[in-house]
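Asks: missing the sequence, but the structure's below:
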């Protein structure tokens, strides 16, 4: 919006009125809305996010909350300035002359680049630390291995340590025992994801991918979904995930025909 | 009269053209969706008692019996039929009933890529029968072949009949039966609607339905589609409703 237009717009309605300090107004609105948005997000996030039932999902949720806290003021910066400009600098007349040329403002440029650079660096470091935390744990002899095979439109599960397959659309997992999923596909790309456990990995035909070692920490019923569009009935490609105590898990293994 | 700039007029015209183009795209997309499947009427299991019913199906190596009006390549696709005529991919079953499924398998075997589907799962007793002989795994077929005279079997399933639950079903069901294929060298000595097929394997099993109002998905898990093997064995009839996939509705009738 050019100064000429602003002047023309305001001059036509209230010639004696003093031009308000737009920058200060926008800044205050931005700060207030950002604080409100951040507080709202922190309060509501536990109710919005799905259940965190493993060590990985807790880390995931913390990362999601922190990144959203950082994103709220950045997004509001754009929206508040845009909304304010649309509201206060609107005019029905077509501009009759060019706006004044923009002049370099080194302070603004350096500040803008500095703030965004620091933000990006922070996100990078946070991401690297979170990634290390999630993938550092190595499988131990106690780690439960679950072989997962994706096919249009179903997951099947084998427990090689027990010589048994799940007889239905269920993964049974013992609570507080590390588990690693070894995933492949027999036809097209699928995506193996258990949101409550913070697990998600591609299932590629002819390839084997493994998830990080994850420890379920909450007994409960969750779901595994396919998160890669894999065909006509992709939306039906789901299974139940039951996290149970160790004795229930052993009973289930026996029921499936295995040996605990 | 108020004058508009030429850019404004061009913008209006372009918006109208784009709008019509968008509607045409939607129309075309809906037409494409209808091509994804060729569902016909619903096939109901025949009630045989207050809490029992029988469902008769057939599997063919082509689509001449139940998609006789199809062109290439669909006419060569493997297909499930209701008995010896008509499509059979929208199934209706009575609630809380023992369903006896009888499948005539006219197709030959295909090597499984996932041995999980070589086992009978979720049926009453965990078994199915092949020409009257019980089996729970494809590995038992060779033993059965020794006892059934005048009939040879493939060591591989031609198809599976697998019923699975929809997401978060309140009454989950999982039934999977490998349908033993006919031998590759079996003579075509059966004529159905003018088409020649080998003597079918008769596979029978039972399972129990839950309450009314539930919907399940059924599908074949043998790579029996185009070229019968990876990766194209899962294409064509395998990802098209009306051939090797469909829905099961549990309802009162």
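Replies: Happy to help now that I have it. Note that the structure is a prediction, hence the values are computed from the model and not measured.
Asks: and the residue of the stretch 1-150 of chain A that's closest to chain B?
Replies: Taking CB to the nearest CB as the measure, the stretch 1-150 of chain A has residue A:149 as its residue closest to chain B, at 5.5 Å. For every residue, glycine as well, the C-beta is placed using N, CA and C.
Asks: and the next helix or strand past the helix or strand containing that residue?
Replies: For residue A:149, the element it lies in under DSSP states H and E is strand A:144-151. Along the chain past strand A:144-151, the next helix or strand (assigned with DSSP H and E) turns out to be strand A:154-159.
Asks: quick one, helices of the stretch 1-150 of chain A?
Replies: Counting by DSSP state H, counting those that start in this stretch, the stretch 1-150 of chain A has helices at residues A:3-13, A:22-48, A:55-88, A:106-135.
Asks: hey, what's the angle from the third one to helix A:22-48? Just curious.
Replies: When you say that, I think you mean helix A:55-88. On the basis of axes from the mean of the first three to the mean of the last three CA atoms, to 10 degrees, helix A:55-88 is oriented at 150 degrees to helix A:22-48.
Asks: show me which residues of chain A sit near chain B.
Replies: A:149, A:151-154, A:156, A:158, A:165, A:167-169, A:186-188, A:205, A:223, A:225, A:231-233, A:235-236, A:238, A:240 (CB under 8 Å from any CB of the partner chain).
Asks: quick check: ChimeraX command selecting the buried ones in those residues.
Replies: Buried residues among those (16 or more other CB atoms under 10 Å in any protein chain shown), as a ChimeraX selection:
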select /A:149,151,152,153,154,156,158,165,167,168,169,186,187,188,205,223,225,231,232,233,236,238,240
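Asks: which ones among the residues of chain A next to chain B map onto helices?
Replies: Applying DSSP state H to these, no entry is found in helices.
Asks: tell me the SS of residue B:56?
Replies: Using DSSP: H, G, I helix; E, B strand; the rest coil, the structure places residue B:56 in strand.
Asks: what's the closest of the helices of the stretch 1-150 of chain A to residue B:171?
Replies: Smallest distance to residue B:171 across these (CB to CB): 28.6 Å, for helix A:55-88.
Asks: could you give the angle of the closest one to helix A:106-135?
Replies: Angle between the axes of helix A:55-88 and helix A:106-135 is 160 degrees (criterion: the same axes, to 10 degrees).
Asks: show me what contacts the residue positioned nearest the centre of chain A?
Replies: With distances taken as CA atoms, centre = their mean, residue A:64 lies nearest the centre of chain A, 5.5 Å away. For residue A:64, the contact set (CB atoms under 8 Å, 6 or more residues apart in numbering or on different chains) comprises A:45, A:49.
Asks: ok, and what's touching the strand holding residue A:149?
Replies: With contact meaning CB under 8 Å, 6+ apart, strand A:144-151 is reached by A:139, A:155-161, A:171, A:173-174, A:177-187, A:190, A:192, A:203, A:226, A:230, A:237, B:114, B:116, B:221, B:234.
Asks: how about a cut-off of 6 Å?
Replies: Contacts to strand A:144-151, defined as CB atoms under 6 Å, 6 or more residues apart in numbering or on different chains, come from residues A:155-158, A:160-161, A:177, A:179-187, A:190, A:192, A:203, B:114.
Asks: quick check, pLDDT for residue B:31.
Replies: Note for residue B:31: predicted pLDDT of 58.
Asks: try residue A:15
Replies: 52.
Asks: go on, residue B:185?
Replies: pLDDT, residue B:185: 86.
Asks: do the same with residue A:196
Replies: Residue A:196 is assigned a pLDDT of 91 by the prediction.
Asks: do the one 4 residues further on as well
Replies: Reading off the per-residue confidence, residue A:200 sits at a pLDDT of 92.
Asks: you'd agree it is up against residue A:192?
Replies: No. Contact between residue A:200 and residue A:192 fails when scored by CB atoms under 6 Å: they sit 7.0 Å apart.
Asks: those two: who's more crowded?
Replies: Set residue A:200 next to residue A:192 and count neighbours by other CB atoms under 10 Å in any protein chain shown: residue A:192 wins out with 26 against 16.
Asks: now residue B:129, which residues is it bridged with?
Replies: Residue B:129 forms beta bridges with residue B:134, residue B:204, as assigned by DSSP bridges.
Asks: look up how far residue B:18 lies from it.
Replies: 61 Å (CB to CB, to the nearest Å).
Asks: those two: which has the busier surroundings?
Replies: residue B:129 (17 against 10).
Asks: how far away is the more buried one from residue B:104?
Replies: Residue B:129 sits 13 Å away from residue B:104, going by CB to CB.
Asks: low-confidence stretches in the stretch 51-200 of chain B?
Replies: For the stretch 51-200 of chain B, the stretches with pLDDT under 70 are B:83-88.
Asks: oh, that last question was meant for chain A, not what I typed.
Replies: A:1-17.
Asks: can you give me the helices for chain B?
Replies: Here chain B has its helices, by DSSP H, at B:6-35, B:141-147.
Asks: and among the ones you listed, the most buried is which?
Replies: Most buried of the helices of chain B by mean neighbour count (mean count of other CB atoms under 10 Å in any protein chain shown) is helix B:141-147; its value is a mean of 14.
Asks: just how off-centre is that one within its chain?
Replies: Relative to its parent chain, helix B:141-147 has a centroid offset of 27 Å by CA atoms, centre = their mean, to the nearest Å.
Asks: count the neighbours of residue A:196 for me.
Replies: For residue A:196, the count of nearby residues is 21 (other CB under 10 Å).
Asks: how about CSV for the helices of chain B, with distance to residue B:170 added?
Replies: Conversion of the helices of chain B to CSV gives the following (distance: least, CB to CB, whole Å):
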stretch, distance to residue B:170
helix B:6-35, 28
helix B:141-147, 36
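Asks: so for residue A:213, which of the ones you listed sits nearest?
Replies: Going by CB to CB, the one of the helices of chain B nearest residue A:213 is helix B:141-147, 39.8 Å.
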